[in-house]
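Q: Here is a sequence with its predicted model. Questions after.
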Amino acid sequence: MKHKLKLCLQLFLTFMKIGVVTFGGGYAMIPIIENEISVKKGWINGDDLLEVVAISETTPGPIAICAATFIGYRIGGVFGAFCATFGVVLPSFLIIFIISLFLRKFEELEVIKYAFFGIRAGVLALLVKAVISMFKKCPKNIVAYGIMALSFAAVAFFSANVIIVILSAALIGIAATLIARKAGKKL
């Protein structure tokens, strides 16, 4: 029991450190998670980390929180998952909380308006980078391009429910793969 508590404390502190030093969102955390969890601590290997990232990308919620939860669970069970998740979330929560205490007083200042202009531009750049990164990992075939185009159109032009779009895309992907296999082809 004492070993489990020590391990969970290490999970909490490690993920809190990751949460403090990482800027740029969840995808920016992946290399830091790899360095801290795989390289320094040796808790999981590179293949397991890739599996965790793949699962985290497909589950609802921010990728860093999902990754922390899955890694924490693999290493320390349910309590490990809680500690890792709490550790990675706590720094952001505290920073946002502190900013919110002072934002109302300063939001009308020109420098703050310019800062938020810069932040929005930076976030947009990170989103574009994430889209490009995900596109590179996507299969390069007519079915994948069709699913992307239909999904984009459904959400952008028809305000379709994102969950329904994702589930529909998954079903279309499964159906297309099964049809291709039956015809002896590969997508």
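A: Great, that's in hand.
Q: Flag every buried residue along stretch 19-32.
A: By 16 or more other C-beta atoms under 10 Å, the buried positions in stretch 19-32 come out as 19, 22, 26-27, 29-30. Backbone N, C-alpha and C define where each C-beta goes, glycine included.
Q: Sorry, slip of the keys, the one I care about is stretch 133-143.
A: Along stretch 133-143, these residues count as buried under the neighbour rule (16+ other C-beta under 10 Å): Val143.
Q: so after the helix or strand of the chain with the lowest mean pLDDT, what's the next helix or strand?
A: Least confident element among the helices and strands of the chain, by mean pLDDT, DSSP states H and E: helix 26-33 (a mean of 77). Sequence order places helix 46-58 as the next helix or strand after helix 26-33, per DSSP states H and E.
Q: So for that following helix, mean pLDDT?
A: When pLDDT is averaged over helix 46-58, the result is 79.
Q: Okay, and Gly72 sits in which element?
A: Once you assign secondary structure using DSSP H and E, Gly72 falls within helix 63-106.
Q: other SSEs contacting the very next helix or strand once past that helix?
A: Along the chain past helix 63-106, the next helix or strand (assigned with DSSP H and E) turns out to be helix 110-137. With contacts defined as 3 or more C-beta pairs under 8 Å, 6 or more residues apart in numbering; DSSP states H and E, the secondary structure elements packing on helix 110-137 are helix 26-33.
Q: tilt between the helix it packs on and helix 110-137?
A: Inter-element angle recorded for helix 26-33 and helix 110-137: 70 degrees (by axes from the mean of the first three to the mean of the last three C-alpha atoms, to 10 degrees).
Q: and helix 26-33, how far from the chain's centre?
A: 9 Å (C-alpha atoms, centre = their mean, to the nearest Å).
Q: farthest pair in the buried residues of stretch 19-32?
A: Gly19 and Tyr27 (14.3 Å; C-beta to C-beta).
Q: show me what contacts the residue positioned nearest the centre of the chain?
A: Central residue of the chain (C-alpha atoms, centre = their mean): Ile63, 1.6 Å from the mean position. When contacts are counted by C-beta atoms under 8 Å, 6 or more residues apart in numbering, Ile63 touches 26-27, 29-30, 53, 56-57.
Q: which pair in these spans the largest distance?
A: Spanning the widest gap among those are Met29 and Glu57, at 12.8 Å by C-beta to C-beta.
Q: Next, the contact list for Val20, please.
A: Per C-beta under 8 Å, 6+ apart, neighbours of Val20: Pro91.
Q: how close does it sit to Val39?
A: Using C-beta to C-beta, to the nearest Å, we find Val20 at a distance of 19 Å from Val39.
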